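**Q** Here you go, sequence then predicted model.
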Protein chains: 2
Amino acid sequence: MMICMMIGLMADTGHHLLPYLVAGAVLLAAAALLGLVFYGLGLPMVLAWLGTGIVLGNLELFGINALSFVKSDTTLFIIGEFGLALFMFAEGLEQNVSEFRRYWRPSVGLGLMGILLPSTLGMSFALGMGSLTGTDVPFESAFFQGATLAATSIGVSAMVLRQMGWQRSPTGRVILGAALVDDIVALILLSVGIEVIRSAGAGQPLALQAILQLTVFSVVFVLGIVLIGEWLMGRAYTLLVLSFKFARRRFNSGQCNLKDITTERRVALLLYGTAIALGMGALAEVVGLSPIVGAFGAGLVLTPHHLRELWLPKASVSESTGVGDHEAEHRLAHELEKTLLPVVKVLAIFFFVITGAQLQLAVFADPTTILMGLGFSALAVLGKFWAPFLSVFTPGVDRAALGWGMVGRGEVGIVFAGLGTTLMLAGQAVIGPQVYGALLLMIVVTTIVGPIMLMRRLAKLNTEPQLGSGTSTAPTVEEPALSVRE
Amino acid sequence: MMICMMIGLMADTGHHLLPYLVAGAVLLAAAALLGLVFYGLGLPMVLAWLGTGIVLGNLELFGINALSFVKSDTTLFIIGEFGLALFMFAEGLEQNVSEFRRYWRPSVGLGLMGILLPSTLGMSFALGMGSLTGTDVPFESAFFQGATLAATSIGVSAMVLRQMGWQRSPTGRVILGAALVDDIVALILLSVGIEVIRSAGAGQPLALQAILQLTVFSVVFVLGIVLIGEWLMGRAYTLLVLSFKFARRRFNSGQCNLKDITTERRVALLLYGTAIALGMGALAEVVGLSPIVGAFGAGLVLTPHHLRELWLPKASVSESTGVGDHEAEHRLAHELEKTLLPVVKVLAIFFFVITGAQLQLAVFADPTTILMGLGFSALAVLGKFWAPFLSVFTPGVDRAALGWGMVGRGEVGIVFAGLGTTLMLAGQAVIGPQVYGALLLMIVVTTIVGPIMLMRRLAKLNTEPQLGSGTSTAPTVEEPALSVRE
């Protein structure tokens, strides 16, 4: 596949820069303007970016084709994936690993229940619709449709948590943790679904071995992050520390004739952090998980302590007044986050806009599709919303906020539904055009309802101080989302 | 097997994420580590990034093929071009447009002389080599070879200026201005060269009309930026101001239930600025210029005054103590730059690494190629270095620094030489494999010598305070390259 790609490029050495410059400009400008308008309307800004994408992806309806490539272009997709990986890395950085670990029980519980409930409801609905309309819906197809209702898309909720300053609250931690569990379980469920259909089509027994292998790989990967991630991260940062020490020694001895080393350190810290995030994303991808799981893990296990040796003693540069080792570490972690955030913002916009562009409005022309879609939507919302009430019994977390935080489906659902249209069972697509449209509507509805309701709930909780958001350490009003870790 | 299946599934959607994650991680980590080492050695950090690229682009020599796609991949190329455009936008932002305009005379003089001298020397060398070795070098081919020596690559020098804090000095301004003139004139020269060869091959007269058209377009574009750019930028920012005022009004009336608006403003400012930079880059590309000319122009004409209305009156948010309108404007411009720089760093690295990866070391296997290349290199260095002594007579600028600042050729030269290998004249490539290798060596030598010598010269000048760097307003040692404009 790689080779084909290379040959294609060799044949066409002239890269076409212009459409990308135009797409980038349009997409970023629209996201900026709509973002402010949505903010003013009290809506989550991430919806503005998805909305920008829906408009860009459907300009063809108005006879404008110049930007249709946005929907399916590899370059824009990769930029967006880089952005999402870095965003999740930054979210991981915000978390204190031991604090995060403390909430593993509700996270796993909610993650599992949040898959089980909506996918069962969805499957029942698919079977029920079949007997209601008298069409034959095979169990395998219903199973796959149910699985499409399972996967929470963490990006949207994480953006809302950040916008509201809740990412480090117990509630925020459980949402992020559950979304990771959700991602892993949904992936396993999907591969079971594919395997069920493949074996049914071929009249063969289930290839349990492959499913088992994915499960084991995923669990080992996640346990690896949790158990030896911090140690590994220390090793990874040794290289940076060595390079930095060399530069600092030369700088201190006046050999490199430069006036400053803090800029170089900041750049190196940013580039190396970005590299680690992408590298761990790659590792997750190899295991079969989505890259954001790896990138989040990388951020989670990178603690301020790893950056300790990159601190500059007061003697060498006039940093601000003498600080203890402990504070120094945290300042560096804060520095990394602070330089990372603008990168995240610019690149992640591409992800959300492109996700929005996947939604083809033409699919919703048929009223039956809309009705079926609303049915799926109701069950998808209720299934996720009820899940925490059945699975989370930890004090100090808000179960309604947990529920709304898990509602948004986003890009994972789109990938699932799209896959279903390509799988065949007894000569028929597992997910036909009508069901596909209905599932897309479900994704639109949940992706809009989830963040709006989560934001409302958090805003309500913000006005009830006894429930606290846990982010009281936010240092200044200038930097509300960037709290120096305590 | 499951992994293969999952990767297969990804292939179905047409996107291959894994190689990009790996390439991004390797490239950024290497750039971070080598950057610190080069800093310690007193070498320009940009050479570390080019060096990373040279290594990555030649791993095939050691039997490693996994990352060869870096050389020619569209996605990485586009990311790099975005980065370079944003870098030049940030450089433009640093400039005060009227200060920059003040130096138009030496800029144009140096730009023209810096094209004339090395291309004439290069052409003479090509013809001389022909008569020396007894091979027939057509005038058209010699002309094209000479043109390859003409184009300065501003990215490398601008990085050194920034690293040394000289970008706002008179010398820095003339280097940037001359490089823009250089870019435009070199592009016209190249199109003349292509037209000369096309007409000679077809036995037709020169199509002067096409050349004239490009010339007029370019001049109109640049004059447009200089004359009405500020006014146009004001119009472009009206949309942002309107959206922001809506958001602020809602925020002030407590309608959107959010705790802060500065983060939203900062994000919108960053996204909109990025959009403007890419949009102007697109416009330049349409005219036939390189996008960096447009992006630089966008930064140049975006003055703090345009951001005036995005300031938040003290009443609405507890910003730092009351500041005048004038200071407020500059703070916003500073805020834009500050959030832009991390984005620039991460993305521009891709540009420099990919530029480095273009250099195929295998080309230098032949000693004659090396000799010829050294000849080209000497003339390329001398031509650019002498140019300011023949064309710049403005007091307060350092002509040696100007000369070294123009020496680096980089990616533009690679594109020129590459084009020459595809153009045919009387059945022969205008630039054969040997000459191509020699020109590549010239590009390597100038791209290494230029920034090293520029850095040395600036370091020397830094120790002679009477020549001043003009950046005495750098606010803190933490942020040396980010001076709030006076």
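**A** Structure's in. What do you need?

**Q** For stretch A:110-130, C-alpha coordinates in PDB please.
**A** Extracted C-alpha coordinates of stretch A:110-130, given in PDB (Å, rounded to 0.1, in the frame of the first residue of the first chain):
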ATOM      1  CA  LEU A 110     -18.900   3.400  33.700                       C
ATOM      2  CA  GLY A 111     -16.900   2.400  30.600                       C
ATOM      3  CA  LEU A 112     -18.400  -1.100  30.600                       C
ATOM      4  CA  MET A 113     -21.900  -0.100  31.400                       C
ATOM      5  CA  GLY A 114     -21.800   2.700  28.900                       C
ATOM      6  CA  ILE A 115     -21.100   0.100  26.200                       C
ATOM      7  CA  LEU A 116     -23.500  -2.600  27.400                       C
ATOM      8  CA  LEU A 117     -26.600  -0.500  27.900                       C
ATOM      9  CA  PRO A 118     -26.800   1.500  24.600                       C
ATOM     10  CA  SER A 119     -25.600  -1.400  22.500                       C
ATOM     11  CA  THR A 120     -28.300  -3.700  24.000                       C
ATOM     12  CA  LEU A 121     -30.900  -1.100  23.500                       C
ATOM     13  CA  GLY A 122     -29.800  -0.400  20.000                       C
ATOM     14  CA  MET A 123     -29.800  -4.100  19.100                       C
ATOM     15  CA  SER A 124     -33.300  -4.500  20.500                       C
ATOM     16  CA  PHE A 125     -34.500  -1.500  18.600                       C
ATOM     17  CA  ALA A 126     -33.000  -2.900  15.300                       C
ATOM     18  CA  LEU A 127     -34.700  -6.200  15.900                       C
ATOM     19  CA  GLY A 128     -38.000  -4.600  17.000                       C
ATOM     20  CA  MET A 129     -38.000  -2.300  13.900                       C
ATOM     21  CA  GLY A 130     -37.500  -5.400  11.800                       C
END
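
**Q** Go through that stretch and flag the buried ones.
**A** Neighbour counts over stretch A:110-130 (16 or more other CB atoms under 10 Å in any protein chain shown) mark A:110-119, A:121-123, A:125-127, A:129-130 as buried. In short, each C-beta sits where N, CA and C put it, glycine included.

**Q** Keep only those of those residues that are in helices.
**A** A:110-119, A:121-123, A:125-127, A:129-130 (DSSP state H).

**Q** and stretch A:43-58, how far out from the chain's middle?
**A** 16 Å (CA atoms, centre = their mean, to the nearest Å).

**Q** swap that for stretch A:418-433, please
**A** Worked out by CA atoms, centre = their mean, stretch A:418-433 lies 27 Å from the chain centre.

**Q** what's the first-to-last distance across it?
**A** Stretch A:418-433 stretches 10 Å from its first residue to its last (CA to CA, to the nearest Å).

**Q** Next: stretch A:388-406.
**A** 9 Å.

**Q** buried stuff in it?
**A** A:388, A:391-392, A:394, A:397-406.

**Q** Just confirm yes or no for it near chain B.
**A** No - Stretch A:388-406 does not reach chain B (CB under 8 Å from any CB of the partner chain); its nearest approach is 15.2 Å.

**Q** Give me the contacts around that stretch.
**A** By CB atoms under 8 Å, 6 or more residues apart in numbering or on different chains, the residues outside stretch A:388-406 that reach it are A:103, A:105-106, A:109-110, A:112-114, A:117, A:152, A:157, A:160-161, A:166, A:170-171, A:174-175, A:178-179, A:182, A:384-387, A:450, A:453-454, A:457-458, A:461, A:467.

**Q** Now with 6 Å, please.
**A** A:106, A:109-110, A:113-114, A:152, A:157, A:170-171, A:174-175, A:384-385, A:450, A:453-454, A:457 (CB atoms under 6 Å, 6 or more residues apart in numbering or on different chains).

**Q** for stretch A:42-57, same thing?
**A** Outside stretch A:42-57, the residues that reach it (CB under 6 Å, 6+ apart) are A:30-31, A:34-35, A:38-39, A:67, A:70-71, A:156, A:159-160, A:349, A:352-353, A:356-357, A:359, A:451, A:455, B:256-257.

**Q** So which of those belong to helices?
**A** Going by DSSP H, the helices hold A:30-31, A:34-35, A:38-39, A:156, A:159-160, A:349, A:352-353, A:356-357, A:451, A:455 from those.

**Q** pLDDT at the closest residue to residue A:159 other than its chain neighbours, what is it?
**A** Closest residue to residue A:159 apart from its sequence neighbours, by CB to CB, 6 or more residues apart in numbering or on different chains: residue A:46 at 4.1 Å. On the pLDDT scale, residue A:46 is placed at 84.

**Q** my hunch is that residue A:46 is in a strand, does that hold up?
**A** No - read with DSSP: H, G, I helix; E, B strand; the rest coil, residue A:46 is helix and lies in no strand.
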